[in-house]
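Student: give me a 3D structure for the following:
(2 chains)
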Amino acid sequence: MDFEVKHVVYAYGDIVALNGISFSASRGRIVGLVGENGAGKSTMLKSIYRYLTPDSGTITLDHRDIFSYPVDQYPVSYIPDSPVFYEELSLLEHLHFTKAIYPKNKITIDEILDALDMREHQNKIPSALSKGTRQKLMIAMALLREYDLLLADEPFSGLDPRQTAMLKTLLLEQKDNGKLVLLSSHLLDVIENICDQYVVIRKGICLFSGAKQDLLMKTGLPAGSTMEAAYFRLVEQDEISS
Amino acid sequence: MKGTLRHAWQGLIGLIAVGGILAYQFFFSIVKTGYGAAATRQGMLYVFMLAAAVNLFRVFLNQTPVFRIEAASVLLTYNTRFFQRSLQFKQFFSALFSIIISGTIAFLFSGFLLNAVFLKIFIALSLYFCNGTGLSWIFYHAKGGMKWAVCLDFIICTAALLMLSAVSLAVSALSLCMVWICVWKLLKLNLPKYCERIQVLESASVAASQNDLAKMQQMADENRPSYVREPMLHHLKPSKRTALWCKSILEIIRMQKQTLSVLLMLLLAGWIVARTKLLSFVPLLDDPAITGMIAVLCTTAALSSLYQLLIKQAKNTFDKRMLGLSLPFTTTQIIASYGMTAGILNILLAIIIGLLYSAFSPRLLLLFFAGMLAYLIPCCAQIYSARLKRGATMAANIILFAGIYFCLTA
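Tutor: Model prediction:
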């Protein structure tokens, strides 16, 4: 496996956010991290991004501990749940800045502007952008970086249906280009068609990791059932067993 | 206005007294005018330059129209004779005010005598101020090419004032005729501007009456400029090595104008106290030891504030790297990139201080190094160990003060 999370524990003081989570994934796949609010999805992504250091456990990329990568060689790009910007730079300048510091990425600024339909806003500063455009800018900046693993924390929030479809296409393109995408979302119906693998997290514990068919089998649901139904059944089973 | 008078009359009296004293010092110490003695040519030049600065503000920087009519009144009465008459009334009083001010200045200049010198200065200033009033009105309402014409005419009028000859007076008079023809015959009022103003006033008054702080904050945000101005980052052609540095340069260029103005005013205040006799009438300010120390303090305050801004920007970039704006740079590289900007600013500031205080000597190098330390010590402390922040800032200020002290009091 190219990417592996093993028995990761992280606590915010007395509150345990991740309680021995383990899962693994390979390149060329989209992995959906699903779970309710406060389940630990964002904490997991922040730990992989190295914003948080786990209390115990290991996270490896290509069999190498992620914390051993030098800062300029860590091949991970991140779309945070709340947009972060440089207030004084315009949208276009954000893209040029990212392109300048990651020159090896072959995507051009023009391509990304067109793909995300942001040309009309290119000279605006972030505070003048709508929520959706800010989110698109975060996505554009993440895609312009040089990475093997893309972390996306609620990337569909604030996007309209057209933009959502556009982002889905972009994520599938990343997958086709051999990148691994780790996607956290509440919107099970939105991510259902694009994810190859799911990691269901509840109260900091990994309830399931695998393909949708395996989840349906585990929950005893028929083959055509939705991801939403499978998720609720899994949570129900967990409540009964605990 | 009534409220201001009622609540701030002490402050206003103080301001008027300070203004009066400064004006007195300006006319009698700097311009060297006196009873029966006209001002020197150089003194006149100072006053004309001051008049040019005032007109520059009135024409290009003033956010409100020079003939102030409430937006609602403009929209309600625009096509009526009443509007034309009110506008004429405002214009007449504005011209009268300009004439009175010009007359007063000319009277002071000519040594309190009504002679040919008085007449010449009076006509020149009256024409200049009236031109300024007209140009300001045109600039407020004009679009596109007409704005450039205003700029050109402003330059011509200012040059004519500074030259002060019969020909220049004729040029000013001709310009005034053209400006007023334009105001009355060619110019169309920019009504959308008044509409916008009404909308803003309406929303502001509703928000204020409901004590709706969130709405007021939103209005303040919405009224911020939403577009950045040139130069743009990509015009600087950043590479991986220079990207952070280019960004920090842009941050300085786009820094809030008020902040930069305060820094410049501090530098200027130090210079005025130490190198001019403008405030020498104030007890203690005639002692070079005290004025020198005030200059050192003012310069230290200005430079220290500038470094704090740079440190804040570096810290901001560092924090945002952690929050998701990943950068392929180590912390040291981030500090070094901002340090390069600090270095450039330090060189510029050393040159400016050298010019202001005629202090070009190897000691300026000391100032440069003190400046660099004053940036680097608190910057590293803030990023590596927040606990050391206060101590580091204090140490940096002491180093900076010492550097400036040795440079200026040499």
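Student: so which helix or strand of chain B has the lowest pLDDT on average?
Tutor: Between all helices and strands in chain B, the lowest mean by mean pLDDT, DSSP states H and E belongs to helix B:213-222, at a mean of 68.
Student: for the helix or strand following it, what does the pLDDT average out to?
Tutor: Scanning forward in sequence from helix B:213-222 by DSSP states H and E, the next helix or strand is helix B:243-253. Averaging pLDDT along helix B:243-253 yields 87.
Student: starting at the chain centroid, how far to helix B:243-253?
Tutor: Using C-alpha atoms, centre = their mean, to the nearest Å, we find the averaged C-alpha position of helix B:243-253 to lie 23 Å away from the chain's own average C-alpha position.
Student: show me the contact partners of that helix.
Tutor: Under the criterion C-beta atoms under 8 Å, 6 or more residues apart in numbering or on different chains, residues A:86, A:88-89, A:93, A:97, A:100-101, B:231, B:233, B:236, B:238, B:310, B:313-314, B:317, B:327, B:329, B:333-334, B:337-338, B:340-341, B:344-345 lie in contact with helix B:243-253. For the C-beta atoms, the positions are set from N, CA and C on the backbone; glycine is no exception.
Student: what comes up buried for that helix?
Tutor: Applying a neighbour-count criterion of 16 or more other C-beta atoms under 10 Å in any protein chain shown, one finds B:243-252 buried in helix B:243-253.
Student: tell me which of those residues is nearest to B:Ile294?
Tutor: Using C-beta to C-beta, B:Ile252 is the member of the buried residues of helix B:243-253 that lies nearest B:Ile294, at 26.9 Å.
Student: return the residues of chain B in contact with chain A.
Tutor: Along chain B, the residues adjacent to chain A under the rule C-beta under 8 Å from any C-beta of the partner chain are B:221, B:224-228, B:232-234, B:238-240, B:242-244, B:246-247, B:250-251, B:254, B:316-317, B:320, B:322-330.
Student: for PyMOL, write a command that selects the buried ones of those residues.
Tutor: Applying 16+ other C-beta under 10 Å to the residues of chain B next to chain A, the buried members can be selected in PyMOL as follows:
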select buried, chain B and resi 226+228+233+234+238+242+243+244+246+247+250+251+254+317+320+324+325+326+327+328+329
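Student: helices along chain A, start to end?
Tutor: Counting by DSSP state H, chain A forms helices over residues A:41-49, A:91-101, A:109-115, A:131-144, A:161-176, A:188-191, A:212-219, A:227-241, given from the N-terminal end onward.
Student: of those, which is nearest chain B?
Tutor: Closest approach to chain B among the helices of chain A (C-beta to the nearest C-beta): helix A:91-101, 4.0 Å.
Student: any weak-confidence spans in the stretch 101-250 of chain B?
Tutor: When the per-residue scores of the stretch 101-250 of chain B are filtered using pLDDT under 70, the ranges that remain are B:217-227.
Student: could you pull out the helices for it?
Tutor: Assigned by DSSP state H, counting those that start in this stretch, the helices in the stretch 101-250 of chain B fall at B:116-141, B:145-163, B:166-181, B:191-209, B:213-222, B:243-253.
Student: just give me the neighbour total for B:Phe92.
Tutor: With neighbours defined by other C-beta atoms under 10 Å in any protein chain shown, the count for B:Phe92 comes to 10.
Student: buried stuff in the helix or strand containing it?
Tutor: With elements taken from DSSP H and E, the one containing B:Phe92 is helix B:81-109. Neighbour-count burial for helix B:81-109, counted by 16+ other C-beta under 10 Å, picks out B:83, B:86-87, B:90-91, B:94-95, B:98, B:102-103, B:105-109.
Student: which other helices and strands does that helix contact?
Tutor: Counting contacts by 3 or more C-beta pairs under 8 Å, 6 or more residues apart in numbering or on different chains; DSSP states H and E, helix B:81-109 is packed against helix B:41-56, helix B:71-77, helix B:116-141.
Student: tilt between the longest one and helix B:41-56?
Tutor: If you take axes from the mean of the first three to the mean of the last three C-alpha atoms, to 10 degrees, helix B:116-141 sits at 20 degrees to helix B:41-56.
Student: run through the neighbouring helices and strands of helix B:116-141.
Tutor: helix B:41-56, helix B:81-109, helix B:145-163, helix B:166-181.
Student: any regions of chain A where pLDDT drops low?
Tutor: Scanning chain A with the threshold set as pLDDT under 70 gives A:1.
Student: near chain B, which residues of it? Just list them.
Tutor: Among all residues of chain A, those adjacent to chain B (criterion: C-beta under 8 Å from any C-beta) are A:49, A:51, A:70-74, A:76-80, A:84-86, A:88-90, A:92-93, A:96-97, A:100-103, A:123-125, A:127-128, A:138, A:141, A:145-146.
Student: hmm, 6 Å instead?
Tutor: Selection of chain A residues close to chain B by C-beta under 6 Å from any C-beta of the partner chain yields A:51, A:71-72, A:78, A:80, A:84, A:88, A:90, A:93, A:96-97, A:100-101, A:103, A:123-125, A:128.
Student: if any of the residues you listed are buried, put those into a PyMOL selection.
Tutor: To isolate the buried subset of those in PyMOL, counting by 16+ other C-beta under 10 Å, use the following:
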select buried, chain A and resi 51+78+80+84+88+90+93+96+97+100+101+123+124+125+128
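Student: which other residues reach stretch B:39-55?
Tutor: The contact list for stretch B:39-55, computed with C-beta atoms under 6 Å, 6 or more residues apart in numbering or on different chains, reads B:31-33, B:109, B:132, B:158, B:161-162.
Student: could you give me the average pLDDT of it?
Tutor: Averaging the model's pLDDT scores along stretch B:39-55 yields 83.
Student: that stretch: how far from the chain's middle?
Tutor: Stretch B:39-55 has its average C-alpha position 18 Å from the chain's average C-alpha position, going by C-alpha atoms, centre = their mean.
Student: could you pull out the buried residues of it?
Tutor: B:39, B:43-44, B:47-48, B:51-52, B:55.
Student: ok, stretch B:138-149 next?
Tutor: The neighbour-count check on stretch B:138-149 (16+ other C-beta under 10 Å) flags B:138-142, B:149 as buried.
Student: excluding covalently adjacent residues, which one is nearest to B:Cys182?
Tutor: If the residues on either side of it in the chain are set aside, B:Cys182 comes closest to B:Ile138, at 5.9 Å by C-beta to C-beta, 6 or more residues apart in numbering or on different chains.
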